[in-house]
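Asks: what follows is a predicted protein model with its sequence.
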Amino acid sequence: MPMLQTIVRKELREVGRDAWAVGVMVAFVVILALICLASRWTWARQAAIQVARQRLAREVWLTQANDSPHQATHDGTTVYKLPSPLAAVDPGVDPELGTAIRLESHRRHESTNSPRRDRVKLLPLDLTNPAVTVQALLPLVVILVGHAIVAREREQGTWSLLCSLGVSRRQVVIGKLIAMLLLTIVLSAPVLITLSWTVLPAAPQTGVTTPGIFHRAFTLYAVNLLYLVGWCAAGLTLSSRCSSAVSLVLLISCWAGFTLIIPRLAVDLAYSRFPLPSQLSMRESRDAAIRHGSDGNDSLDEFNAAWEQKLLKEYGVSRVQDMPVHLNAVRLLAMEEFTDSIDDRANSQLTDIHRKQNRFLDWFGAFSPYLTVRSVSESFAGTDRHHHAAFVASAEQYRRSLVKIMNTAEVKGSRPGSTAEKARRFWNQVPEFQQRLPSPLSTTDTIGWSIGVLLVWCLSMPVIAVLSATGSHA
Amino acid sequence: MLRFAATDLRREWRLALTQPCVSTTFVVIGCLTMLALLTGWLRTNSRIERLQTLAGENAQQQRFVESAFLERPSTDSAAAELAGELTPAEHDRRLSLQMSARSPDLMRYTEGLWRSMLPTTPLTGLSQGAGGEWPDHYYHAGPSTTQTLARTMRPNPLLTTMGAFDLTLVVGVVLPLAVIVLTYDVTAADRELGRWEFVRCHTSSIHRLIVARCLVRVGASSLLVIMLTALFVIVLPTGHWDSAMIRNFLIWSAWVSAYLGFWAALSILANSLKLSWAGAGLLLLLCWCIFVFAIPALLQCAVNWRIQMPRQAELTALEEDVRKQVEREADDVWADFLREHPQIEIDDEKPQQEVMLRDVALNKAARSEVEARVETYLQRFLHREDLLDRSQLLTPLLAWRTAADQSAGTSLRHFVEFARQTGDFHDEHAAYFESKSLAGQELSFLDIQGIPRFDDRQFYTQLDLSPLLLSAASLLMWTSVCGLLSWWCLRLGTIQ
């Protein structure tokens, strides 16, 4: 153990003496700290804006001048997506997706108002995202600092000297790996600080309920470290087998392949192979399904006729005029169910395409640890498409409950009342929208494969590094 | 001089081929180029299929409208449609169009009469450009211009975040890395292996040796990419080849060479300094990071900070505003309209006529105002492009990207121009029916056949010169700076 400590100290001292390496590392930490600050500021601003918008929308709902509850469902309201607390570190694909959903009866709207839509994108990697900077650029720094960590010893002739001191090669390699890992922790410190700053109870809350926020934050950082362990070990492996020049070239090629080429290729092919239908074509299909039915399901007219017959039978009358309820009001509830079932079918088709795209990307993840770490990191940060779908689903659930409460009031003939206070109490029957991130466990089925690939990457690379050093004839 | 250069190049080429690293890199470059071409081809093919479906829908709408004037179906396909091959939705649509076909007032309000399409060219697959965020077709949404110009495509978030895998990425980001791998040790390796004195004895000028070594490797890479691309786009064309396309391909090839020429100049500079192979490699990598990540990142932040892009909802809101405003000034608009059209005589016994004509007047007034505001909306995108064009001088990567998008016809300017043309066509289409409304006549079969059609031919030849010239200036400037610096370093004798 003391020997291991000595090796680690020696390695760190050696890196400290290399002006180039120190310069690169200091530059990286400064850049990462600035990116973290900017990202944290953007997140806080976005959260404040969304909270304010949500409050305003609620106030507009409570103070509306409508007299009819059903008309109120047509005028509707809007729910706003509050960013996940960990979006400060990994905004994921959230900025590309919508942040607001219009809610009204008979129609399920899609999310709109993406913060990053139409913003200029000049970079091959999104370096405004701290997690991407750590996952994409930090390995490059690790490569630059560590590509020659063993090869240099061999080329300078100090490797044999080291071995002659009674230190086993395995110990040397493990010591170097620990030193690299310590450097990596120092280099990624701004992310750790930002994470702590975000999840601390004193931090401003966005209003989103986040079960297991500490576990999420811890796992997010651990995942990034595991990924970087793989890179440190890969650098050691190649450094102990090849000359420093060849090692650098190979590591840079691997980095370019894993980070720039394979992820883009995978995403491009996934979307070409499983294209999403446009909003317009989905709207046309919906209209056609309402008018003419689809996939063996009834059209609205057929549904209405069948429903009327059922109702007549239920009340034991032969004419609709003889029914003890207001038919048009009850019809509203039934029609809502009908349109909901059409929307559910369309949504399940979309979900199916997303699932196919994700499965395709998962397979490519086996060739690129970067793709898997992105997937896992976004998932724990609560900023992937799965979490967005959960928000959309909760908004839809809220819409349905809102419409049901209002339509039931319409059936009962309830009205908001004459005074502002009564009206406010009436509209307050609809509870406030609560956003809640799904529990981390619910995401494991979507990222199980990615976690597996990542574990294989971070466990196998150190083993290979130790084995290759033990077997090398330096 | 030329004979010496040719001899040097031939010798260095033979020497380069003996190194396994060089041939492996060429294979990797070839594979990546083919992969990028293949993904571009897949993307373009799915777009072609989509556009063919839309063209079929356009023809079907025209047939449906014409069928209102036909006693019997005139063609086999029309007969087949009428015989019951239509879906219930299509059948409804045909009936609805047949009912409106004779009335210009109803036709003005009928939506879905046409779809405008941005055609593909043989070079479309080379660069994704703004294709992921802007639509390649628009759907006629009745009298509303802004609804027609709404972007209803569903975003692919990962694709938008990561970007597509296209040749612009391969040439712009990955090939410079390959160039670094090929050239970082052209002199240092010889020096460190103790062969340098021997090499120096066999060459008249060190500068010429470095230039020959770098040029041979970079030239071969660029030739490989251009040849493979040329072969691919000729064998698997995704559009019609014509003189404009050949010109665009030549521009694309020239810019590939010029961009890689800059990296060659940078390599010559790194090799002209008295650096070890590791030093030269790290210096080149640092330059790569600066040109590919640092400068674009700063530029991106600055542009996004400075210019706030209009949101999609703004486009819809602007038409609502204009319509409300025109409604408020309805009487003035109507008076102006009557002054403009003195031939119109209002028959007091036909109040319906006045209602129709007032509607035409209001729509016309609203449309011209909407047209102006849509133009302002689109101009905001072009202003940002102008700013980015000027920023090309900051990094050659941006210069390359601009030229690649321009020659492939996928730049934001192309998509904005397409949106603008669609807006103009929307107005032309509406004006056609308004003129018939003013004449107070029913539509005839000839009128229906004379409905304007969207002309997409202009998009084949569109090429904006100013961004291209700035791009050329940027590449030339950077290459010259690196060339001059390396010449100066050699004059100073940093390398012996």
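Replies: Alright, I've got the coordinates.
Asks: and the stretch 301-450 of chain A, which residues reach chain B?
Replies: Applying CB under 8 Å from any CB of the partner chain, we find that the stretch 301-450 of chain A lies next to chain B at A:Leu361, A:Arg385. Using the backbone N, CA and C atoms, a C-beta is placed for each residue, glycine as well.
Asks: run through the stretch 301-450 of chain A and note the low-pLDDT ranges.
Replies: Across the stretch 301-450 of chain A, nothing is flagged by pLDDT under 70.
Asks: any idea which helix is longest in the chain?
Replies: Just going to use chain A. Longest helix of chain A, by residue count under DSSP state H: helix A:19-62.
Asks: that answer is for a different chain, and I need it for chain B
Replies: Criterion DSSP H: the longest helix present in chain B is helix B:20-66.
Asks: quick one on the thing from earlier: which elements pack onto the longest helix of chain A?
Replies: Contact partners of helix A:19-62 among helices and strands, from 3 or more CB pairs under 8 Å, 6 or more residues apart in numbering or on different chains; DSSP states H and E: helix A:2-17, strand A:77-80, helix A:130-132, helix A:138-146, helix A:169-187, helix A:189-199, helix A:420-427.
Asks: hmm, 7 Å instead?
Replies: Using 3 or more CB pairs under 7 Å, 6 or more residues apart in numbering or on different chains; DSSP states H and E, the elements in contact with helix A:19-62 are strand A:77-80, helix A:130-132, helix A:138-146, helix A:169-187, helix A:189-199, helix A:420-427.
Asks: elements contacting the fourth one?
Replies: Where contact means 3+ CB pairs under 7 Å, 6+ apart, helix A:169-187 is packed against helix A:2-17, helix A:19-62, helix A:138-146, helix A:213-241, helix A:444-471.
Asks: so which of the helices and strands packed on helix A:19-62 gets nearest A:Thr6?
Replies: helix A:169-187 (7.8 Å; CB to CB).
Asks: quick check, A:Asn102 in a strand?
Replies: Not quite, residue A:102 is Arg, not Asn. Yes: A:Arg102: assigned to a strand according to DSSP: H, G, I helix; E, B strand; the rest coil.
Asks: apart from its neighbours in sequence, what residue is nearest it?
Replies: Counting by CB to CB, 6 or more residues apart in numbering or on different chains, A:Arg102 lies nearest to A:His109, which is 4.3 Å off, once chain neighbours are set aside.
Asks: can you check A:Ala33 too?
Replies: A:Pro190 (4.2 Å).
Asks: quick one: pLDDT of the one you found?
Replies: A:Pro190 is assigned 94 on the pLDDT scale.
Asks: that one contacts A:Cys36, doesn't it?
Replies: Yes: assessed by CB atoms under 7 Å, A:Pro190 is found in contact with A:Cys36 at 4.5 Å.
Asks: burial count for residue 242?
Replies: All of this is about chain A. Around A:Cys242 there are 19 other residues, counting by other CB atoms under 10 Å in any protein chain shown.
Asks: that was the other one, I meant chain B.
Replies: 13.
Asks: go on, the one 5 residues further on?
Replies: For B:Arg247, the neighbour count with other CB under 10 Å is 13.
Asks: name the element it belongs to?
Replies: In the assignment (DSSP states H and E), B:Arg247 maps to helix B:243-272.
Asks: what residues sit buried inside that helix?
Replies: Within helix B:243-272, the residues scored as buried using 16 or more other CB atoms under 10 Å in any protein chain shown are B:245, B:248-249, B:251-272.
Asks: show the average pLDDT along it.
Replies: Here the average pLDDT along helix B:243-272 is 93.
Asks: contact partners of the helix or strand that it is followed by?
Replies: Downstream of helix B:243-272, the next assigned helix or strand under DSSP H and E is helix B:277-289. Residues from elsewhere that reach helix B:277-289 (CB atoms under 7 Å, 6 or more residues apart in numbering or on different chains): A:20, A:144, A:244-245, A:248, B:176-177, B:180, B:184-185, B:188-189, B:192, B:266-267, B:270-271, B:275.
Asks: if any of the residues you listed are buried, give me the ChimeraX selection for them.
Replies: Here is the ChimeraX command that picks out the buried ones among those, judged by 16+ other CB under 10 Å:
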select /A:144,244,245,248 /B:176,177,180,184,185,188,189,266,267,270,271,275
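Asks: and A:Gly230, how far from A:Leu138?
Replies: 12 Å (CB to CB, to the nearest Å).
Asks: do B:Thr39 as well
Replies: 28 Å.
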